[in-house]
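Visitor: Everything below, folded, please.
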Amino acid sequence: MKLALDHHYPTAITEQLRTMAHDAVAAVERGWHREPDETLLALCLAEHRTLLINNVGDFMTIIRSWTLQGQQPAGLIFTSDASLPRTHAAIGRHVKLLDDTARRGRRRSCTHREPAGPRDPRTPPIFLTYQAARYLLRLLNRCRCSLKEGFVMPTFKNDPVESSTDSTSPAVIAENTNTTLNAGVGVHAKSAAAGVIGESTTWHGVAGITQSKTGGAGVFGAGDTGGPGVIGTSKTWIGVFGETFGKENGPAGVWADGHEGGSGVKGHTSCPGAFGVAGFHLTNQGPGIYGQGNPAGLFNGDVNVMGALNVQGSNILQRIGALEQRANNTAQLETRINTLDQKIAELNTELSKLQNQVNNLTSRVSFTEASINDLTARVTALGG
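Guide: Coordinates of the predicted model:
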């Protein structure tokens, strides 16, 4: 039997097995430790190697998928950390187990039964340590298996299912292979509390990915009885973050529709100086906020503009400044006109005085002329 060990087992196990004339390799020695679980299983199949692994749940999912496709692995040996930990202290026990298994094909501490009748040479051997066998039997006792229906998970009541792994593979994989529009979901969780909770210490608590080209969402939330469809909170950064790399058909990092009287986007804040809604263009090559409608914008309160205000290509602030300058010039002109009017009034007053003086002089001249004429007449009368 040719053996291969997953990268979580000490390489000293394979080194000792090779000294015992066994064909054994470690995944780390072949560079297989970077490969996904299914690729690792395929590499072992290509070399007809039985793989020693600890992750029963993930590999049984792969085996189920292969079985439905008519494909089988070369062989599997499952262990459990509860009975055979993957530590340096247990290297000797691993070597003894694998040496005995490779030489005789079975061991009393392993659960392994040959099927009745001749064994199909294409069917791989599967060896289980006691704890791994208990896990697998507990799962199989609650499942129905058939060639037509495949592997059907049961309903676990008051018996929570726990799955854990320290590999790069998921601890739980749920797949619905129905490709029709009426396909069921991969996972359906229901609770009076949270249906699904996702936690992470380094990245996303919950991640959703879609390959839909017809509007399917990576993550979708709906509130059927008055609650929000999606709530996002953060203690240090953004509550809800949206991002897009699209360039056509109006892509948006966050899209909001308001139906039946609702607002498309609504922002509230109670922090002094903060913004209810804020929009920023990081390169200053486009608007931070764009509005289209009739009117495009409605403001209930004071409006502060910290830069230029353009309307149809015209800078309103510049035009207002020019009008204010013209208003200032008009005010100055009005002042000068008022001054001229005052001077004209003064000149009219002086002119009236002069006119009175001229009239007085005219009267005196007329009187003088009358006196002269009278004297002339009297002189003539006296014979002069």
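Visitor: ok, now which ones touch the spatially most central residue of the chain?
Guide: Nearest to the centroid of the C-alpha atoms of the chain, with distances taken as C-alpha atoms, centre = their mean, sits G242, at 3.2 Å. Counting by C-beta atoms under 8 Å, 6 or more residues apart in numbering, G242 makes contact with 252-255. C-beta here means a position set from N, CA and C on the backbone, and glycine is covered the same way.
Visitor: again, only this time at 10 Å
Guide: By C-beta atoms under 10 Å, 6 or more residues apart in numbering, the residues touching G242 are 232, 252-256.
Visitor: That one sits in which helix or strand?
Guide: For G242, there is no enclosing helix or strand under DSSP states H and E.
Visitor: In terms of pLDDT, where does it sit?
Guide: Note on G242: pLDDT of 86.
Visitor: got the buried residues for stretch 69-85?
Guide: Buried residues in stretch 69-85, defined by neighbour count with 16 or more other C-beta atoms under 10 Å: 73-80, 84.
Visitor: want to try TSV for these, with distance to G262 and secondary structure as columns?
Guide: Below are the buried residues of stretch 69-85 laid out as TSV (distance: C-beta to C-beta, whole Å; DSSP: H, G, I helix; E, B strand; the rest coil):
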residue	distance to G262	secondary structure
P73	55	coil
A74	60	coil
G75	61	coil
L76	56	strand
I77	60	strand
F78	55	strand
T79	57	coil
S80	54	coil
L84	60	coil
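Visitor: for these, which one is nearest H48?
Guide: Relative to H48, the closest of the buried residues of stretch 69-85 is A74; by C-beta to C-beta it sits at 4.9 Å.
Visitor: quick one: that closest one from N178, how far?
Guide: 30 Å (C-beta to C-beta, to the nearest Å).
Visitor: Over to P228?
Guide: Distance from P228 to N178, by C-beta to C-beta: 31 Å.
Visitor: Repeat that for F245.
Guide: Applying C-beta to C-beta to F245 and N178 gives a distance of 30 Å.
Visitor: ok, those two, which is more surrounded?
Guide: Between F245 and N178, counted using other C-beta atoms under 10 Å, N178 has the larger neighbour count: 9 against 6.
Visitor: ok, W32 touching A26?
Guide: Yes: because the distance of 8.5 Å satisfies C-beta atoms under 10 Å, W32 is recorded as touching A26.
Visitor: list residues touching both of the two?
Guide: Contacts common to W32 and A26, judged by C-beta under 10 Å, 6+ apart, are 4-7.
Visitor: So, low pLDDT: which residues of this protein?
Guide: Flagging of the chain using pLDDT under 70 yields the residue ranges 104-165, 167, 169, 316-317, 384.
Visitor: List the residues that contact T233.
Guide: Residues near T233 by C-beta under 10 Å, 6+ apart: 239-240.
Visitor: Please identify the helix or strand for it.
Guide: Following DSSP H and E, one finds T233 outside all helices and strands.
Visitor: Distance check, it against G205.
Guide: T233 is 12 Å from G205, where distance means C-beta to C-beta.
Visitor: right, and S234 touches F241 too?
Guide: Yes: with contact defined as C-beta under 10 Å, S234 counts as touching F241 (8.8 Å).
Visitor: So which residues of the protein form helices?
Guide: Using DSSP state H, the helices of the chain run over residues 12-19, 27-30, 37-46, 56-68, 91-104, 130-140, 316-381.
Visitor: Adding mean neighbour count and distance to V187, write the ones you listed out as JSON lines.
Guide: Output for the helices of the chain, formatted as JSON lines (neighbours: other C-beta atoms under 10 Å; distance: least, C-beta to C-beta, whole Å):
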{"stretch": "helix 12-19", "mean neighbour count": "17", "distance to V187": "36"}
{"stretch": "helix 27-30", "mean neighbour count": "18", "distance to V187": "30"}
{"stretch": "helix 37-46", "mean neighbour count": "18", "distance to V187": "19"}
{"stretch": "helix 56-68", "mean neighbour count": "18", "distance to V187": "13"}
{"stretch": "helix 91-104", "mean neighbour count": "17", "distance to V187": "35"}
{"stretch": "helix 130-140", "mean neighbour count": "16", "distance to V187": "17"}
{"stretch": "helix 316-381", "mean neighbour count": "10", "distance to V187": "56"}
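Visitor: can those go into CSV with extra columns for distance to I209?
Guide: Putting the helices of the chain into CSV (distance: least, C-beta to C-beta, whole Å) gives the following:
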stretch, distance to I209
helix 12-19, 37
helix 27-30, 28
helix 37-46, 18
helix 56-68, 19
helix 91-104, 38
helix 130-140, 27
helix 316-381, 47
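Visitor: Out of those helices, the one nearest T168 is which?
Guide: Evaluated over the helices of the chain, closeness to T168 peaks at helix 37-46, with 8.1 Å, by C-beta to C-beta.
Visitor: How far off centre is that closest one?
Guide: Distance of helix 37-46 from the chain centroid (C-alpha atoms, centre = their mean, to the nearest Å) equals 35 Å.
Visitor: Other residues contacting it?
Guide: Helix 37-46 is contacted by residues 2-4, 6-7, 25, 27, 30-36, 49-53, 55, 58-59, 61-63, 65-66, 71-76, 124, 165, 167-170, 173 when judged by C-beta under 10 Å, 6+ apart.
Visitor: can you give me the angle that helix makes with helix 56-68?
Guide: Relative orientation of helix 37-46 and helix 56-68, computed by axes from the mean of the first three to the mean of the last three C-alpha atoms, to 10 degrees: 60 degrees.
Visitor: Let me see the contact set for I13.
Guide: With C-beta under 10 Å, 6+ apart, I13 has these contacts: 3, 5, 24, 26, 52, 86, 88, 90-95, 97-98.
Visitor: one step back: let's see the ChimeraX selection covering just the buried ones among the shared contacts of W32 and A26.
Guide: Listed next is the ChimeraX selection for buried residues among those, using 16+ other C-beta under 10 Å:
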select :4,5,6,7
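Visitor: Any chance of CSV for the shared contacts of W32 and A26, columns distance to V219?
Guide: Listed next are the shared contacts of W32 and A26 as CSV, based on distance: C-beta to C-beta, whole Å:
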residue, distance to V219
A4, 38
L5, 39
D6, 33
H7, 33
